[in-house]
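Engineer: Fold the stuff below for me.
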Amino acid sequence: MSNTAGLYNPTVLDHFLHPRNVGDIAEPDALGRAGDSTCGDSMRLTLRIRRGKIVDARFRACGCGAAIASSSMATELMKGMTLSAARLFSNRRIVAALGGLPPAKIQCSVLAAKALRSALADYRKRKPRA
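Structural biologist: Numbering: from 1, shown residues only. Below you'll find the predicted structure:
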């Protein structure tokens with residue numbers, strides 16, 4: 001833990017040690033997955049969508065502290081977001097909300113953004129008019 005504490009700022013540490021929205025939504029409206037073969041991190045994202053808005057987001061992630069923190073923050077940012085805004089969501093927003101990540105850990109925030117894109121593609125398949 002001492003090495004991790006020196007690597008990350010307090011916001012990242014908080015989301016790593018106390019991740020928000022961990023788990024799965026039963027019968028989700030959308031399911032997204034993303035993985036990074038270079039480091040082995042992976043994320044599963046489930047969404048509840050009502051009237052064109054993400055009303056709930058849950059994740060399961062396997063990876064380093066930055067991957068867990070990025071996944072946690074991403075789900076917090078997604079809640080209440082319209083689908084049109086979600087289509088424009090980028091990892092830069094996650095990094096900014098976390099107060100930054102070490103350069104070698106930026107790919108962890110990309111993982112969460114990719115999982116969201118995957119979930120939105122799944123939603124479009126399930127609900128073609130959405």
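Engineer: State which helix of the chain is the longest.
Structural biologist: Ordering each helix of the chain by length in residues (DSSP state H) puts helix 106-126 first.
Engineer: what packs against it?
Structural biologist: Contacts defined by 3 or more CB pairs under 8 Å, 6 or more residues apart in numbering; DSSP states H and E place helix 106-126 against strand 30-35, strand 42-50, strand 53-62, helix 65-78, helix 83-87, helix 91-98. No exception for glycine: its C-beta is placed from N, CA and C like everyone else's.
Engineer: buried ones in the third one?
Structural biologist: Using 16 or more other CB atoms under 10 Å as the test for burial, strand 53-62 gives 54, 56-59, 61.
Engineer: next one: stretch 93-105
Structural biologist: In stretch 93-105, counting by 16+ other CB under 10 Å, buried: 93-95, 97-98, 101, 105.
Engineer: Pull the distance from it to the chain's centre.
Structural biologist: 13 Å (CA atoms, centre = their mean, to the nearest Å).
Engineer: Name the surrounding residues that touch stretch 19-39.
Structural biologist: The contact list for stretch 19-39 (CB atoms under 8 Å, 6 or more residues apart in numbering) reads 41-49, 56-60, 63-64, 68-69, 71-73, 75-76, 107-108, 110-112, 114-123, 126-127.
Engineer: Who does Gln54 form a beta bridge with?
Structural biologist: You called it Gln, but residue 54 is Ile. When bridges are called by DSSP bridges, Ile54 pairs up with Ile49.
Engineer: What separation do you get for it and Ile68?
Structural biologist: Per CB to CB, to the nearest Å, Ile54 is found 20 Å from Ile68.
Engineer: same thing with Thr46?
Structural biologist: Here Thr46 is placed at a distance of 16 Å from Ile68 (CB to CB).
Engineer: Next: Gly23.
Structural biologist: In terms of CB to CB, Gly23 sits 13 Å off from Ile68.
Engineer: Could you check which of the two is surrounded by more residues?
Structural biologist: Set side by side, Gly23 and Ile68 show more neighbours around Ile68, with 22 against 9, by other CB atoms under 10 Å.
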